[in-house]
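Trainee: next one to model:
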Amino acid sequence: MGQKANPIGNRLGIIRGWDSNWFGGKKYADKLVEDEKIRKYLLARLSKGGVAKIVIERTLKLITVTIHTARPGIVIGKGGQEVDKLKEELKKLTKKDVQINIFEIKRPELDAQLVADSICRQIEARISFRRAAKMAIASTMRMGAEGVRVMVAGRLGGAEIARTEQYKDGRIPLHTFRADIDFAIAEAQTSYGKIGAKVWICKGEIYGKRDLSPNIGSGTSSPAPKGLTATGRDRGDRGGRGGRGGDRGGRGGQGGRGGQRKN
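Mentor: Numbering: from 1, shown residues only. Just a heads-up that it's a prediction; the model follows:
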């Protein structure tokens, strides 16, 4: 059975940049494992910090970690104390110098990871999964998204048999590579098992070249081609439909009846 490709992986190098930026050579595998350790540690350590994404860059002696968060105050701490602690902890973990940058997400309703985490936290707090999903969709559309889709799966409502339900509003053009689609997965741990949530958010379409630098955040889109809006929809009136082909030939004449039977 065919499955949907991850929309982020599908757009890498086109309109999306990578979350890890370095050249590994023969030590590629070791660096990849170390990146995963850093991400797991930070996500567990900053579980209440609203972390959406962690971008890691490496030079010969320095690791630069950029934390994208909706709640920078919690991550930074009073007078930057938390950041200093994080630096020391990561230095022990990696045995290298670490620099930490904080990038604030100003509209968390348009970040798929934060929306998915919010739905899962509500499910864990025994709020109806339908209500959580529909409220998330309404708030995302209100903030200017072109489309959003939410899928929840598992023993929904404590049912004996696991099932999948999905809710959608607007458009999610998965086959359009210039469409800026954010995607995320999150899990809720409930008393009757795990419930998974997937979120797709379409923020419009991007024309021309885009800066794929990791610390730029969402970057800026180039102006749309003449005659198109920033979302890629035609401004002008559509032309009439082309005329139909020539007239069809007339129907064949009716066949003659057989001759009269002679006695």
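Trainee: how about stretch 141-159: buried residues?
Mentor: For stretch 141-159, burial by neighbour count (16 or more other C-beta atoms under 10 Å) applies to 141, 145-154, 156. No exception for glycine: its C-beta is placed from N, CA and C like everyone else's.
Trainee: so Leu114 touches Ala52, yeah?
Mentor: Yes: using C-beta atoms under 8 Å, Leu114 is in contact with Ala52, at 5.2 Å.
Trainee: list residues touching both of these two?
Mentor: By C-beta atoms under 8 Å, 6 or more residues apart in numbering, Leu114 and Ala52 have these common neighbours: 70, 105, 108.
Trainee: next, format these as TSV and append neighbour count and pLDDT.
Mentor: TSV is the format used below for those (neighbours: other C-beta atoms under 10 Å; pLDDT from 0 to 100):
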residue	neighbour count	pLDDT
Ala70	21	94
Ile105	21	94
Pro108	20	95
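Trainee: and of the residues you listed, the nearest to Ala29?
Mentor: Ile105 (31.3 Å; C-beta to C-beta).
Trainee: from Phe129, how far off is the residue nearest to the closest one when sequence neighbours are not counted?
Mentor: Once flanking residues are discounted, Ile105 sits nearest to Ala70: 4.6 Å by C-beta to C-beta, 6 or more residues apart in numbering. Applying C-beta to C-beta, to the nearest Å, the value for Ala70 to Phe129 is 22 Å.
Trainee: do Ala145 as well
Mentor: Ala145 is 21 Å from Phe129, by C-beta to C-beta.
Trainee: what's the answer for Ala5, then?
Mentor: Distance, Ala5 to Phe129, by C-beta to C-beta: 26 Å.
Trainee: pLDDT on the helix or strand that Ile195 is a member of, on average?
Mentor: In the assignment (DSSP states H and E), Ile195 maps to strand 193-205. In this model, strand 193-205 carries a mean pLDDT of 96.
Trainee: who does it pair up with?
Mentor: strand 147-154 (antiparallel), strand 179-190 (antiparallel) (DSSP bridges).
Trainee: same question for whatever helix or strand comes next after the first one, mean pLDDT?
Mentor: Scanning the chain past strand 147-154 towards its C-terminal end, the next helix or strand to appear is strand 163-170 (assignment: DSSP H and E). Averaged across strand 163-170, pLDDT comes to 96.
Trainee: one more: stretch 128-145?
Mentor: Averaged across stretch 128-145, pLDDT comes to 96.
Trainee: name the residues of it that are buried.
Mentor: In stretch 128-145, counting by 16+ other C-beta under 10 Å, buried: 129, 132-133, 136-137, 139-141, 145.
Trainee: sorry, back to before: switch the shared contacts of Leu114 and Ala52 over to TSV; also include secondary structure and distance to Ser47.
Mentor: Below are the shared contacts of Leu114 and Ala52 laid out as TSV (DSSP: H, G, I helix; E, B strand; the rest coil; distance: C-beta to C-beta, whole Å):
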residue	secondary structure	distance to Ser47
Ala70	coil	13
Ile105	coil	16
Pro108	helix	16
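Trainee: for Ile14, state which of those residues is nearest.
Mentor: Ranked by distance to Ile14 (C-beta to C-beta), the shared contacts of Leu114 and Ala52 are led by Ile105 at 22.3 Å.
Trainee: so the closest one sits against Ala52, correct?
Mentor: Yes: counting by C-beta under 8 Å, Ile105 does reach Ala52; the two are 5.8 Å apart.
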